[in-house]
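Asker: Show me the folded form of this:
(chains A, B, C and D)
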Protein chains: 4
Amino acid sequence: MENVTVKYVDKKPRLKNPIFIEGLPGIGNVGKLAVEHLIEVTRATKFAELYSKDFPPQVFINPDGTVKLVNNEFYYRKARKKNQRDLVLLTGDYQGLSSQGQYDLVESILDVIEDLGVKEMLTLGGYGLGHEIREPKVLFATTDKHLVKTVKKYGAVFKKNEPGGGIIGASGLLLGLGKNRGFEGVCFMGETPGYLVDPKSAKAVLKIVTKITNIDIDFSRLELKAKEIEQIARQLSEMEMMTKEKTDELRYIG
Amino acid sequence: MENVTVKYVDKKPRLKNPIFIEGLPGIGNVGKLAVEHLIEVTRATKFAELYSKDFPPQVFINPDGTVKLVNNEFYYRKARKKNQRDLVLLTGDYQGLSSQGQYDLVESILDVIEDLGVKEMLTLGGYGLGHEIREPKVLFATTDKHLVKTVKKYGAVFKKNEPGGGIIGASGLLLGLGKNRGFEGVCFMGETPGYLVDPKSAKAVLKIVTKITNIDIDFSRLELKAKEIEQIARQLSEMEMMTKEKTDELRYIG
Amino acid sequence: MENVTVKYVDKKPRLKNPIFIEGLPGIGNVGKLAVEHLIEVTRATKFAELYSKDFPPQVFINPDGTVKLVNNEFYYRKARKKNQRDLVLLTGDYQGLSSQGQYDLVESILDVIEDLGVKEMLTLGGYGLGHEIREPKVLFATTDKHLVKTVKKYGAVFKKNEPGGGIIGASGLLLGLGKNRGFEGVCFMGETPGYLVDPKSAKAVLKIVTKITNIDIDFSRLELKAKEIEQIARQLSEMEMMTKEKTDELRYIG
Amino acid sequence: MENVTVKYVDKKPRLKNPIFIEGLPGIGNVGKLAVEHLIEVTRATKFAELYSKDFPPQVFINPDGTVKLVNNEFYYRKARKKNQRDLVLLTGDYQGLSSQGQYDLVESILDVIEDLGVKEMLTLGGYGLGHEIREPKVLFATTDKHLVKTVKKYGAVFKKNEPGGGIIGASGLLLGLGKNRGFEGVCFMGETPGYLVDPKSAKAVLKIVTKITNIDIDFSRLELKAKEIEQIARQLSEMEMMTKEKTDELRYIG
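Answerer: Got it, this is the predicted structure:
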């Protein structure tokens, strides 16, 4: 087995001018949540699995008692309306653990989508702020200057020098290495506190993606998850305050 | 030397429908203790050693003053009754240190057992609970759904979403990578506090293995070890309590 | 993609007896600041980019919203006067993350400059003192003994056993591996406190480089940066003192 | 450049039944000090340098201002008396940084000495006790049982299960991997506190080596170094005591 292996579990799909959308785990799991939701609501079809020696040596246990080796998975979804495009979707359990592992992973992903005729990509992730936010904005970066104006129209925001440290991980690397191979693409980053998984930020990112791809999807499941997470966040914050009060009380007595 | 090398120290055994049983170091050393006991009581024959650059650069010193390069070791044991099967057994000093090392190690193990005609495997390990337990249960996961029912009959337990993080290390990877190569298998995980080596948990796992393989073995040595460990655990816990009392006393005086 | 790839973005320059000058990130960013300034004021031309899987999996975001995969960049600048020489310049975002990555990176750099006919090199870096200094001296080390006298004439200083731990990173490795391939070279290390980027130290290093290469350059931009950094350093030190006073005061009251 | 490269700096020596002696950096630098001393007093000739990408990316600075890429170095010394044997000696700046780097390094060393006709080796190191000792004993381990008796005659000591964790690093790996390639050898480990470099322990180890090789050498330089280190150790211990007294005093006053 090479460092990365791609295993087709269905016949390779024949696609027309497909667009590639990536969402792997990362801060707030924004990209992963977004693409997983998209796969679910568009009933996309899995056609390939990607394995890497740079993923942890780990299997998950399925609800039926069988094991699943950690991987990344490719799905496709054919256009159903005139103004839509065929989609290739990628999500997964992990990104590469090491720097080299990340480069190898991304080159392998680019091999697969190049082979499918992909020329454009949207990569999805989070932008960690470290504090709570009401309405997450969606930042972006592109491979090519002419895309900037287009993307702004869809409601994404560009702040000079943000994210300051650039983009670390597959979402950025897909654009960086992809650009060298002739791909065009945009990375969308949903603002997120970054403490917990963030379905609200995933929804914000996905809203822009659906505008670009002319796919009308139901967000209710993502909204439900968002409410659950908000409740957990509220409970955590209350527990923290109570602990603090308790400590203050004790100090007073002492 | 490749990353992993297999060195035959005896002629390759000719086996009939052999089943493979793995027990490498891990939490509570449950798998290793189980397979080592099985090797001892069945008087299995060592036929190959496996070396990896991803094991520590280390030799152990034998009681006779000679060195032993750290490795993994293969044994076989031929069926002696009609209802038994030939066994291939693996134990060793280490698992791979890195993620890649683990994948390479497991692929090499699969190469060896495939070559011997193995189609089924049992991988043994521990499931760390972080607290004491009276009677360790044995959890499991399988490569194939049809094995689940069979395994339950032998007394192994399936708890949904347990272990929550899946299985990390060779025991899981052997199933995960093996499944892709057509092997069927079950991973048995004995519950263990995880603080010390756990012969009691190893015995629980081994009991199920002997039922599956129709091998009737003597557990007395493992039971003796279990008693020794229980005594050590009791002493440690008493020392801890005494330290605590002492501290409380001091606080009182102060 | 190999571990390191070189991508020519302009046609390979034809150079006459070129000298190579390297300045990658390091302590006080002395080397990087020096070579970046040299590129800017001599209006050198970028002709190649170097990518490595041992750089972080990261893109930066340009002011126009496009991404830039982290890399190292080669520039050249042809001689404009009789007493000058053609220059090959290297700077970049990172050095290799691992030991092997550094060796691979440096061998690739040597491949490129060997191919351009380079026989001599100047590598630039900082020498961290851990305390403030008025006038940074420039230490040096060479590939060949006969260079020592020449270099001293230009004002560089040799202190026995300094730096005590030798030179770690690309600046040293270029000399070490280069020497084995027949290159001659000098490493210049500007003394620096090492807390912040240090344009003053970069200027000190660059002054010697310009003497060697007979290039007359404007330092005003580097001097301006140096003043800015000095002000930041002063503010940081005042803040520290205030914190200390405050603490002393509190102690007094308590 | 491969991961490890061997560079002959002199013509390959023609040796008669040579014995190989290794001393690389390690605990107390016992092995390195011993072999360096042996090289010096026997005026051995350097004939090869070994470079590895798994050494740090570092050059040292020679007293004349030139750089030296970190490496390992091979020396030889021809027998001068009838009862002596030709020697191949190895010392160096570093061992490999990673597990794989160590295995690659040792395999390369074995390649070199196999090519020179070496069949036997002595590997030298320290055994860290973590406390002061009057007279360091020399422990050992061998590739073959028949060597144990011979070695004991020379004054080396075997303690069952010591060192408990076996031998980590090149000294052990040379025996472990060498044994698989038909080499015979002994590892000598001088007891050492392990806090500082330990010439006294190096002398103890070397005394046994000289008995085996029938080489009569002058130890005065090593003894001088040992005295210097003892003085430093005494000063450090006094400083520690003074600090402690001071603290006690302050406590008393407070």
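
Asker: what about the residue nearest to A:Lys225 when sequence neighbours are not counted, distance to chain C?
Answerer: Spatial nearest neighbour of A:Lys225, excluding adjacent residues (CB to CB, 6 or more residues apart in numbering or on different chains): A:Pro199 at 4.0 Å. To be clear about C-beta, it is placed using only N, CA and C from the backbone, and glycine gets the same treatment. Per CB to the nearest CB, to the nearest Å, A:Pro199 is found 26 Å from chain C.

Asker: okay, now A:Pro199: neighbour count?
Answerer: 26 (other CB atoms under 10 Å in any protein chain shown).

Asker: give me the residue from the stretch 51-200 of chain A nearest chain D.
Answerer: A:Ser98 (12.4 Å; CB to the nearest CB).

Asker: Just the pLDDT for that residue.
Answerer: Note on A:Ser98: pLDDT of 94.

Asker: got a list of what it touches?
Answerer: Residues in contact with A:Ser98 (CB atoms under 8 Å, 6 or more residues apart in numbering or on different chains) are A:Asp54.

Asker: and with 10 Å instead?
Answerer: A:54, A:104, B:98-100, C:53-54, C:57, C:97-98 (CB atoms under 10 Å, 6 or more residues apart in numbering or on different chains).

Asker: and what of A:Ile113?
Answerer: With CB under 10 Å, 6+ apart, A:Ile113 has these contacts: A:15, A:18-20, A:22, A:74, A:88, A:90, A:119-121, A:174, A:178, A:183.

Asker: So which bits of chain A are right by chain B?
Answerer: Residues of chain A found near chain B (CB under 10 Å from any CB of the partner chain) are A:1, A:3, A:5, A:7, A:49, A:51-71, A:93-94, A:96-98, A:100-101.

Asker: The same query, at a cut-off of 7 Å, please.
Answerer: A:1, A:53-61, A:63-67, A:69, A:97 (CB under 7 Å from any CB of the partner chain).

Asker: just to revisit the earlier point, can you tell me which of the contacts of A:Ser98 lies closest to D:Glu191?
Answerer: B:Ser98 (33.2 Å; CB to CB).

Asker: which phi and psi does that closest one have?
Answerer: phi -110, psi 170 (degrees, to the nearest 10).

Asker: before we move on, back to that, what's the most distant pair in the contacts of A:Ser98?
Answerer: Farthest pair in the contacts of A:Ser98, by CB to CB: B:Ser98 and C:Pro57, 17.7 Å.

Asker: so the host helix or strand of A:Ile113 versus helix C:99-115, what angle?
Answerer: In the assignment (DSSP states H and E), A:Ile113 maps to helix A:99-115. Going by axes from the mean of the first three to the mean of the last three CA atoms, to 10 degrees, helix A:99-115 is angled at 70 degrees with respect to helix C:99-115.

Asker: The helix or strand just after helix A:99-115 pairs with which strands?
Answerer: Counting by DSSP H and E, the element after helix A:99-115 in chain order, helix or strand, is strand A:120-128. In the sheet, strand A:120-128 lines up against strand A:19-22 (parallel), strand A:184-192 (parallel) (DSSP bridges).

Asker: Measure how far strand A:120-128 is from the centre of its chain, please.
Answerer: Strand A:120-128 sits 6 Å away from the centroid of its parent chain (CA atoms, centre = their mean, to the nearest Å).

Asker: residues contacting A:Val148?
Answerer: A:142, A:158, C:64-65 (CB atoms under 7 Å, 6 or more residues apart in numbering or on different chains).

Asker: returning to what we had before: if any of the contacts of A:Ile113 are buried, put those into a PyMOL selection.
Answerer: The buried residues among the contacts of A:Ile113 can be selected in PyMOL (16 or more other CB atoms under 10 Å in any protein chain shown) with this line:
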select buried, chain A and resi 15+18+19+20+22+74+88+90+120+121+174+178+183
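
Asker: Columns pLDDT on top of the contacts of A:Ile113, output as JSON lines?
Answerer: As requested, these are arranged in JSON lines below (pLDDT from 0 to 100):
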{"residue": "A:Leu15", "pLDDT": "97"}
{"residue": "A:Pro18", "pLDDT": "98"}
{"residue": "A:Ile19", "pLDDT": "98"}
{"residue": "A:Phe20", "pLDDT": "98"}
{"residue": "A:Glu22", "pLDDT": "98"}
{"residue": "A:Phe74", "pLDDT": "98"}
{"residue": "A:Val88", "pLDDT": "98"}
{"residue": "A:Leu90", "pLDDT": "98"}
{"residue": "A:Lys119", "pLDDT": "98"}
{"residue": "A:Glu120", "pLDDT": "98"}
{"residue": "A:Met121", "pLDDT": "98"}
{"residue": "A:Leu174", "pLDDT": "98"}
{"residue": "A:Gly178", "pLDDT": "98"}
{"residue": "A:Phe183", "pLDDT": "98"}
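
Asker: Would you list the buried entries among the contacts of A:Val148?
Answerer: So, of the contacts of A:Val148, A:142, A:158, C:65 end up buried under the neighbour-count rule (16+ other CB under 10 Å).

Asker: quick one: least confident of the residues you listed?
Answerer: Among those, pLDDT bottoms out at A:Phe158, giving 89.

Asker: how close does that residue get to A:Arg134?
Answerer: 20 Å (CB to CB, to the nearest Å).

Asker: And the strands in the stretch 51-200 of chain A, which stretches?
Answerer: For the stretch 51-200 of chain A, applying DSSP state E, counting those that start in this stretch gives strands covering A:58-61, A:67-69, A:72-77, A:87-92, A:120-128, A:138-142, A:167-168, A:184-192.

Asker: which stretch among those comes nearest B:Glu240?
Answerer: Across these, closest to B:Glu240 is strand A:58-61 (CB to CB), at 33.0 Å.

Asker: That closest one pairs with which strands, parallel or anti?
Answerer: Here, using DSSP bridges, strand A:58-61 pairs with strand A:67-69 (antiparallel), strand B:167-168 (antiparallel).

Asker: got TSV for those strands, with mean pLDDT and mean neighbour count too?
Answerer: Listed next are the strands paired with strand A:58-61 as TSV, based on pLDDT from 0 to 100; neighbours: other CB atoms under 10 Å in any protein chain shown:
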stretch	mean pLDDT	mean neighbour count
strand A:67-69	97	21
strand B:167-168	96	22
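
Asker: okay if I get these as a markdown table plus distance to B:Lys81?
Answerer: Output for those, formatted as a markdown table (distance: least, CB to CB, whole Å):
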| stretch | distance to B:Lys81 |
| --- | --- |
| strand A:67-69 | 31 |
| strand B:167-168 | 32 |
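
Asker: and A:Val151, which of those is closest to it?
Answerer: Closest among those, once you apply CB to CB, is strand A:67-69, at 35.7 Å.

Asker: now the end-to-end length of stretch A:205-220.
Answerer: End-to-end distance of stretch A:205-220 (CA to CA, to the nearest Å): 15 Å.

Asker: Check what contacts that stretch and list those residues.
Answerer: A:19, A:21, A:30, A:34, A:37-38, A:41-42, A:81, A:83-85, A:87, A:122, A:124, A:138, A:154-156, A:188, A:190, A:203.
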